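[1] how would this look folded up:
(chains A and B)
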Amino acid sequence: MGEGREYLGEFEQVVLLALGRLGDGGYGAEIHAEILDATGRDVSIPAVYVTLKRLERKAMVASSTRRPAGGGRAVRVYTLEPEGTEALHRSRELFERLWDSPHLDPGGAS
Amino acid sequence: MARRLIRLLVPRPDRSFVLQDLDERFREIHQVRGARAARRWYRRQALLSLPVLLTSLAEGLMRGLGGGDLRSTIRVLLRRPQYSGGVAGTLALGFASAMVLGGLAWQVWLEPLPLPDAERLVHVYELEPGDGAGERTRFQLSPPMLQELRERDWRHLTGFAGILQSSPEWRVDGDVRHLRGALVSPGFFQVLGVAPLHGRADLGAGDDTGVPAAVLTEEFWLRAFGGDPGVVGSTLDLGGVAHTVAGVVPQNGEYPGLVDLFTPLRWEPHQLAEGFRGARYVETVGRVAPSSTIEVASGEISAFAEALGDAWPSHVGWSGEVVSLRADLVRPYRPALRLLLVAGLAFLALSLVNVFGLSMARALERSPESAVRMALGASRGRLGRTALLEGAALGLVGGVGALAAAQVATAASMRWLPEGMPRTGDLGLSWVEGAIWLAVAVTAGAVVVALARWLVPVAETPTSGTRVSPKLVGGRPIVIGQFALTTLLVGVGALAWERSMELVDRDLGFVADGVWTGLVALPQSLDGGWEERRDTWAALLRELEDRGYQAAISTNPPMSGSNNRFDYRRFREDEQRFGQYAIVSPDYFDVMGIRIVEGRTFHPGESEPAVIISLSLADEVLPGESPVGLSLFILQEDREIIGVAESTAHFGPDTPPPPMMYASFDAENWAFTRLVVAGGEGALQAIPAAVESAIPGARPVSVIPYRRHLSEWFRPLRIQLGIVGALALIGSLLAALGLYSAVAFHVRGRRTELGIRVALGATRRSILAVVVRRGLVMAGVGLSVGMALWWSGRGILSEALGATGTGLSAGSVAFTTAAILGLALVAVTIPARRAAATDPLESFRAD
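    Numbers count the residues shown, from 1 in each chain, chains lettered A, B, ... in the order given. Sure thing, here's the model as predicted:
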């Protein structure tokens, strides 16, 4: 956690990336469906909410309650904040630096 | 269940969103892959969410407590799973007991009825003449008495209404549906304070054409009419009589129980005449005036009922009273509920005491570590906060465990609660109550653990153990007390078991095996007069005989729940006595295996007012005489005794057989009776078929084996056994945990001494023996105290359980002793093994 910046846990990354892929943001069931479509993982919806809540406290996502114009139930829609995008890139760079080793090449030296 | 769990664990701001999202996905999966896959998916969601949600809850709590280091707390707790599991498990056990046992007692017994100003609602009774000693039996009111109450002006009461159960037949679209009905006086809903949801809650007027009114309950209205408000004003055909739907009222399920619809309770002129003053069968509810109290209102009713004796012979010596409706509904269950409430709170208190003991043992163990932390600059306040956090975390885990256990136990208890027990329709914790219990568990965990830590002094140096060996406050007496309580509970269990076995073996005076029974009522069209009724009953018996079954009728067979009281005298001027009255056909005694010990049974067609009496009646009124040929003055006429039958356990094996009188159905009969039929399984179909064939338009008969009456009678006994067994089990677990914590604390406090003993040559076996002996001595003292309590209270216990013995047989004493000492041995083994493994070098280094 150098320079006071936090790195993301694996599930936090998954949730943030799914949110990013949705573009305009999305609510729990949509994020769950996006993760399922993209990864094949049927994650827990309550766990998605718990993670979003934590990310919101870190200011990486923002939420608002929205009621569809044509009626229907109210949903809490989450959107990706610049802080969240930055954290995703930071995590990615970290992993890329770590992966950058000939020993981790499938055909490389051991 | 899965949805409930998620609902319980997800914090409120997100709860509805999470549940709605889950429902959305559930519906999608349901549509694509079917209901089973969708349910499986939901369960998996709950399972996957559990660890995340629990951690999230704990994090939230810790943040709320001031930012303690959750990870370090959890790490510390996980390092000692025995301690953490012991504390959380003990809290779960104590809180689950309090939630289930105390919750049941609260909801059924103490919680106000869900009606406006419900504490002013009362039941009204007449009290039979008494001799001044003992409690006087309560009776419902007769129609004339109810009428008088309703017509009079009262100072301390504002209204009365009668209520009788009914089973109306609703004829709709060529179909007949049997409903749960109640006949109630006009103004019944005003007395209860129930406002209609639609239309009027008024059964008084009906419509302008004189058609009677019907008021539907909300549940029936939704079920049968889809909640259509247009049903108000429409007509229902109830048993061939048109009723106008006046309105819809909410149903609370608690009073007056589960009802589909209410119809007016009206009396024929003869039912309000003097002859009906002795027919005390109408449940009457009243409301005490706001400016008065139940006691004062009871005095007013009592004075009124006593004054009736001046005008009517059937009221001479009688009195009256009003009692709280809420308390009266659960009156038969009150002793059991009181026991449950006390047990629930006692188990909670014991669990907290045990957690305190466990925490003191743990604090002693951690004393050097605390010294290290203080040497590194941690303040006592910081250490205290850590203890609070640990306690709160354990309280949270224990509380969640208790909630889960309470859910399961409550669901299970719904199955073994007695049928018809009032106010049990909606048992269980609401979410608010669950949250309150959880908060109490967290707080209790935090306070008890922190208190124990605070009472144990921190070592003077990081390497020393505590010099002062603190005492486990009240440790030994509490452990002994717990074992005494457990012994007592096991003893009560043995007593209840002994009593059940004894009652099962008791001679009932009749044989239920191979007998089938069902209640038959004549349709109104055949209820013309006694001769017509007699012919119909005779035709039914012939029909069954033709089908190869020996059949009989009785209006009041034993242990069936029926109770037909009659008065009799040895002769006209003798004192009035009471017994049970049954109208039977000649074969009744054969079918039921009731022996005729003297004289004979009725001849077919015998229409003289002759009677057969039971031995119990003969012994009471004609001791030492041969009753056959004598007369008794029964129901206002002299009747010749033609036979004496074996006494039957009419109200069950634990009540002495009442004086019984049998009259022939050829001489008098009623429009309803019970059939008793001897035969195999085929009777199940043959009886309804015969009824249908012999009595056109009769209601379908629900046929049951006679044994079921017996098993229903024994059901409360089984429940009693179950309750005592469950209490004994919980008590045993708590006692074992208490002993464990006390011995663990003792071992930890004597670590140095044990080290010296080992250094001086004591073997591990001898150390083990010392510790085990100490534990067993405590358990043994508890066992002896419990046995002494059992012995000294055997009279009270036997009376409370209605038992004849004491339960203190050699077998039960041996079983209790073995169970208690075995339990104690298991509880002391863990700390004893730890003591035996004491390394002298380590214990010296620590000093």
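
[2] any weak-confidence spans in the stretch 51-200 of chain B?
    Within the stretch 51-200 of chain B, the stretches with pLDDT under 70 are B:58, B:60-72, B:131-134.

[3] which residue ranges form the helices in it?
    B:70-79, B:81-97, B:103-105, B:143-151, B:188-192 (DSSP state H, counting those that start in this stretch).

[4] Check the stretch 201-350 of chain B too.
    Going by DSSP H, counting those that start in this stretch, the stretch 201-350 of chain B shows helices at B:218-225, B:294-311, B:325-329, B:334-365.

[5] One more: chain A?
    Ranges of helices within chain A are A:10-21, A:28-39, A:45-57, A:82-99, based on DSSP state H.

[6] Send over the second one as CSV, restricted to the C-alpha atoms.
    In this case it means helix A:28-39. Provided in CSV are the C-alpha atoms of helix A:28-39 (Å, rounded to 0.1, in the frame of the first residue of the first chain):
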residue,chain,number,x,y,z
GLY,A,28,-26.4,-5.7,-8.8
ALA,A,29,-28.2,-8.2,-11.1
GLU,A,30,-26.7,-6.6,-14.2
ILE,A,31,-23.2,-6.7,-12.7
HIS,A,32,-23.8,-10.3,-11.7
ALA,A,33,-24.9,-11.2,-15.2
GLU,A,34,-21.9,-9.4,-16.8
ILE,A,35,-19.5,-11.4,-14.6
LEU,A,36,-21.3,-14.6,-15.5
ASP,A,37,-21.2,-13.8,-19.2
ALA,A,38,-17.6,-12.8,-19.3
THR,A,39,-16.1,-15.3,-16.9
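
[7] So what touches that helix?
    A:14-15, A:18-19, A:21-22, A:26, A:41-43, A:45, A:48-49, A:52, A:75-76, A:78, B:17-18, B:21-22, B:24-25 (Cβ atoms under 8 Å, 6 or more residues apart in numbering or on different chains). Glycine gets a C-beta too; all of them are placed from N, C-alpha and C.

[8] If you count neighbours, what's buried in it?
    In terms of neighbour count (16 or more other Cβ atoms under 10 Å in any protein chain shown), helix A:28-39 has its buried residues at A:Gly28, A:Ala29, A:Glu30, A:Ile31, A:His32, A:Ala33, A:Glu34, A:Ile35.

[9] Put together CSV for those, with pLDDT on each row.
    Below are the buried residues of helix A:28-39 laid out as CSV (pLDDT from 0 to 100):
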residue, pLDDT
A:Gly28, 90
A:Ala29, 90
A:Glu30, 91
A:Ile31, 93
A:His32, 92
A:Ala33, 92
A:Glu34, 93
A:Ile35, 93
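
[10] any idea which of those is closest to B:Asp173?
    Comparing the buried residues of helix A:28-39 against B:Asp173 with Cβ to Cβ picks out A:Ala29 as the nearest, at 43.2 Å.

[11] how about the helices of the stretch 51-200 of chain B, which one is nearest chain A?
    Taking Cβ to the nearest Cβ, helix B:70-79 is the member of these nearest to chain A, at 13.2 Å.

[12] So the residue in the stretch 151-300 of chain B positioned nearest to chain A versus B:Pro116, what's the distance?
    As assessed by Cβ to the nearest Cβ, chain A sits closest to B:Gly227 within the stretch 151-300 of chain B, at 21.8 Å. B:Gly227 sits 24 Å away from B:Pro116, going by Cβ to Cβ, to the nearest Å.

[13] is it true that B:Phe225 touches B:Val231?
    Yes - under the criterion of Cβ atoms under 8 Å, B:Phe225 makes contact with B:Val231 at 4.6 Å.

[14] Spit out the contact partners of the residue nearest to A:Thr85 when sequence neighbours are not counted.
    Using Cβ to Cβ, 6 or more residues apart in numbering or on different chains and skipping residues adjacent in sequence, the residue nearest A:Thr85 is A:Gly20, 7.0 Å away. Applying Cβ under 8 Å, 6+ apart to A:Gly20 gives the contacts A:Leu80, A:Gly84, A:Thr85, A:Leu88.
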